[in-house]
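Peer 1: all I have is the shape, not the residue letters:
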């Protein structure tokens, strides 16, 4: 079978390579690009360990051919770190709130939580639980995962909200 040339943006960087048409994206990421954040779990889309963000949607990379990602923008858990390499807000909140035990589901869970907070910056506990329901964790019981996501939402929203003096200044300008 002849290999196909594919090119896409991965965590903000353009990458390319050759893949057989039947190669799954999870295998292309891990084997060809050595991006090992997304994990291979069930290979049937049930566990979510392989979740990546593709063109603004959470997808399970075990159900997508690598060639289907040609031209796409993909973010993995590695792409959620700060520019200086330190942990991003979600990653830090998972650490701080003990939202992991064995860590196997964590990269997919964090990547899904990232998209969830993009879609709904102020989720309720129930909305978080529903939003991550496609990602399984066999160790934690989800309590601390939910706490971590809610804490990340709170922290991210605190950074977005203008201070009271900025808000007053904006209101004065609007009134003029």
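Peer 2: In hand now; what should we look at? Quantities reported herein were computed from a predicted structural model and do not represent experimental measurements. Numbers count the residues shown, from 1 in each chain.

Peer 1: this protein: strands as residue ranges?
Peer 2: 4-10, 13-19, 51-54, 57-60, 73-75 (DSSP state E).

Peer 1: can I get the ones you listed in JSON lines including distance to residue 29, mean pLDDT and mean neighbour count?
Peer 2: Heads up, the C-betas are built off the backbone N, CA and C, glycines and all. JSON lines is the format used below for the strands of the chain (distance: least, Cβ to Cβ, whole Å; pLDDT from 0 to 100; neighbours: other Cβ atoms under 10 Å):
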{"stretch": "strand 4-10", "distance to residue 29": "8", "mean pLDDT": "97", "mean neighbour count": "17"}
{"stretch": "strand 13-19", "distance to residue 29": "9", "mean pLDDT": "97", "mean neighbour count": "14"}
{"stretch": "strand 51-54", "distance to residue 29": "7", "mean pLDDT": "98", "mean neighbour count": "26"}
{"stretch": "strand 57-60", "distance to residue 29": "12", "mean pLDDT": "97", "mean neighbour count": "20"}
{"stretch": "strand 73-75", "distance to residue 29": "8", "mean pLDDT": "98", "mean neighbour count": "19"}
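
Peer 1: residue 105: which of the ones you listed is closest?
Peer 2: With distances scored as Cβ to Cβ, the stretch of those nearest to residue 105 is strand 51-54 (9.2 Å).

Peer 1: point to the residue nearest the middle of this structure.
Peer 2: residue 111 (1.7 Å; Cα atoms, centre = their mean).

Peer 1: need the contact list for residue 106.
Peer 2: Taking Cβ atoms under 8 Å, 6 or more residues apart in numbering as the criterion, residue 106 is in contact with 77, 94, 99, 100.

Peer 1: I'd like to know how far the second one sits from residue 53.
Peer 2: With the distance defined as Cβ to Cβ, to the nearest Å, residue 94 ends up 16 Å from residue 53.

Peer 1: mind checking how far residue 154 is from residue 112?
Peer 2: 18 Å.

Peer 1: residue 56: neighbour count?
Peer 2: For residue 56, the number of neighbouring residues by other Cβ atoms under 10 Å comes to 11.

Peer 1: okay, the closest residue in space to residue 119 that isn't next to it in sequence: pLDDT?
Peer 2: Closest residue in space to residue 119, ignoring its immediate chain neighbours: residue 131 at 7.8 Å, by Cβ to Cβ, 6 or more residues apart in numbering. As summarised for this prediction, residue 131 has a pLDDT of 97.

Peer 1: hang on, residue 131 packs against residue 109?
Peer 2: No. Here residue 131 lies out of contact with residue 109, judged by Cβ atoms under 8 Å, at a distance of 10.7 Å.
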